[in-house]
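Q: Have a look; sequence and predicted model below, questions after that.
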Amino acid sequence: MQTKKNIKITFTGDIMCEKAMIEHYLKNKMNDFDDIFTYIKDFLLDSDYIIGNLETPVDDSQKYTNDFFSFNTPSSFLDSLKKLGINYLSISNNHMLDRGNRGLKNTLRSLEKKGFQIVGYYSDFSYFTRIKINDFIISLTSCTYGINFNVHYDKISKKLMKQFLFLKNPNETNTSILNALKIRWKQKLKKTFIYDLYRILRKRKKGTIQPSIIIDNCNNDWKLEADYIKKINGLLEKEKRNADLVFLYSHCGGQFNIEPGTFTEKVITLLDKSNYDGYIGSHPHIVQKHMFQCNKIAAYSLGNFLIYPNSPYLIKETLPTYGILLHLNINPECPKEYFYTFSITKCILEHGQVKVILVSDLLKKINHEEKQKLTMDCLKIYNRFMGTNKTHINIKNEYKI
């Protein structure tokens, strides 16, 4: 029998489960979300470990996603992720408090019940989740810039706050008191039948949402707080003594910004390169560049692994339906010999359902005109991620970095 040469660890981009996807699930009385991953599941069989960023609470006791910016997903979604082979999920992101502290606690229970390894939450304050390959240890942690406190004004409890890593105080806001009271009033209104009536009337008028670019600028609202970086550096330094490779999943950056902003750049500058081996970024919802600093990879944003292609807030010209699967390939006989590859995926709509597909597989399913556009889009994604200016690439399942 031929033995497998490499251990393959795959990092995905943001995993969303949006309003339209929930509505499709409920309308068709589906038992799971397996269909979404029909085209990608066979390719991911080759990955021994898959690590993703889950951008939604999972709490069956509360309302599922019913607007565009506040999420909650049926627990059966986790079953489909599990069947896909995803076994590690980071939940340290700005949507983790979309259903309050109760929703966060129930999400943690759901993940533990379904058998996921959680990256980003640590009840014992260890802050790291480990993958052990023989005697070789890969350690993972994650942090987030915040919890959307400016949106819902739900503070994370002091106990839970200590069990996550942040880049800034999640319970602080620069918003005026008047605006804070207005948002509080809207939150209370959402629990009444008047709000449900308002949503029905607005739906009939087909109201649209104007997309916007959120800038992560150190000179603006994104104040960098050195104590948070200092804590993360201290934890990374301690963990590096116990692990061979250490990876930091970081949730920050400007949404739909092709280039990283000064906040993200500052974070990466202040992280001690001797204490970690990889920085995996999320939150911008588009693919951004990667680079090596002191032989350590920094992938600023892997884009979206799963997003609804027709979401009204997407900025289509930034190519948000594309994502990067970043693969760490390790020789099990000599684990210090490792290298990176990556794949390009796309989210498409098929019979009203979202599908995640490799662009190399999608190329076989579309007409000539669509192939031309797909090829040009993939070239843009490749150049953006690799920092190159190529005029042509062959579309493949996997590219070596």
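A: That came through fine.

Q: quick one, what contacts N331?
A: Applying CB atoms under 8 Å, 6 or more residues apart in numbering to N331 gives the contacts 5-7, 337-338. C-beta here means a position set from N, CA and C on the backbone, and glycine is covered the same way.

Q: and with 7 Å instead?
A: 5-6, 337-338 (CB atoms under 7 Å, 6 or more residues apart in numbering).

Q: any idea how far it lies from N134?
A: In this view, N331 and N134 are 11 Å apart by CB to CB, to the nearest Å.

Q: in what helix or strand does N389 lie?
A: Assigned by DSSP states H and E, N389 belongs to no helix or strand.

Q: Phi, psi for the closest residue to N169 other than its chain neighbours please.
A: Distances taken as CB to CB, 6 or more residues apart in numbering place E225 nearest to N169, at 6.6 Å, with adjacent residues excluded. Main-chain torsions, E225, degrees, to the nearest 10: phi -110, psi 110.

Q: Regarding the protein, what is its longest helix?
A: helix 368-386 (DSSP state H).

Q: Using CSV, list the CA coordinates for stretch 271-286.
A: The C-alpha trace of stretch 271-286 is given here as CSV (Å, rounded to 0.1, in the frame of the first residue of the first chain):
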residue,chain,number,x,y,z
LEU,A,271,3.9,41.0,16.6
ASP,A,272,7.2,39.4,17.5
LYS,A,273,8.2,37.3,14.5
SER,A,274,10.3,34.9,16.6
ASN,A,275,7.3,33.7,18.4
TYR,A,276,4.9,32.6,15.7
ASP,A,277,5.2,30.9,12.3
GLY,A,278,2.0,32.1,10.5
TYR,A,279,-0.5,34.9,10.6
ILE,A,280,-3.9,34.0,9.0
GLY,A,281,-6.1,37.0,8.5
SER,A,282,-9.9,37.3,8.1
HIS,A,283,-12.7,39.9,8.1
PRO,A,284,-12.0,42.0,5.0
HIS,A,285,-14.3,39.5,3.0
ILE,A,286,-12.0,39.7,0.0
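
Q: Next, the buried residues of that stretch.
A: For stretch 271-286, burial by neighbour count (16 or more other CB atoms under 10 Å) applies to 271, 275-286.

Q: Also stretch 379-393?
A: Neighbour count says stretch 379-393 has 379, 381-382, 384-386, 393 buried, by 16+ other CB under 10 Å.

Q: ok, those vs D67, which is closest?
A: I381 (29.4 Å; CB to CB).

Q: quick one: N257 is in a helix?
A: No: assessed with DSSP: H, G, I helix; E, B strand; the rest coil, N257 is coil; it does not lie in a helix.

Q: burial measure for it, as a count.
A: Number of residues near N257 (other CB atoms under 10 Å) recorded here: 22.

Q: ok, it touching H283?
A: No: judged on CB atoms under 7 Å, N257 makes no contact with H283 at a distance of 10.0 Å.

Q: for N106, phi and psi?
A: According to degrees, to the nearest 10, N106 has phi -70, psi -30.

Q: ok so, going back, the residue nearest to N169 against K168, yeah?
A: Yes: contact criterion CB under 7 Å: E225 and K168 qualify, at 5.0 Å.

Q: Compare these two (neighbour count), which wins?
A: Neighbours were counted for E225 and for K168 using other CB under 10 Å; K168 has more, 18 against 12.

Q: Please, which helix or strand holds that one?
A: Counting by DSSP H and E, K168 is found in no helix or strand.

Q: what's around K336, how many residues?
A: 9.

Q: how much does the lengthiest strand in the chain deviate in direction from helix 368-386?
A: When the chain is parsed with DSSP state E, its longest strand is strand 338-350. Compare the direction of strand 338-350 with that of helix 368-386 by axes from the mean of the first three to the mean of the last three CA atoms, to 10 degrees and you get 140 degrees.
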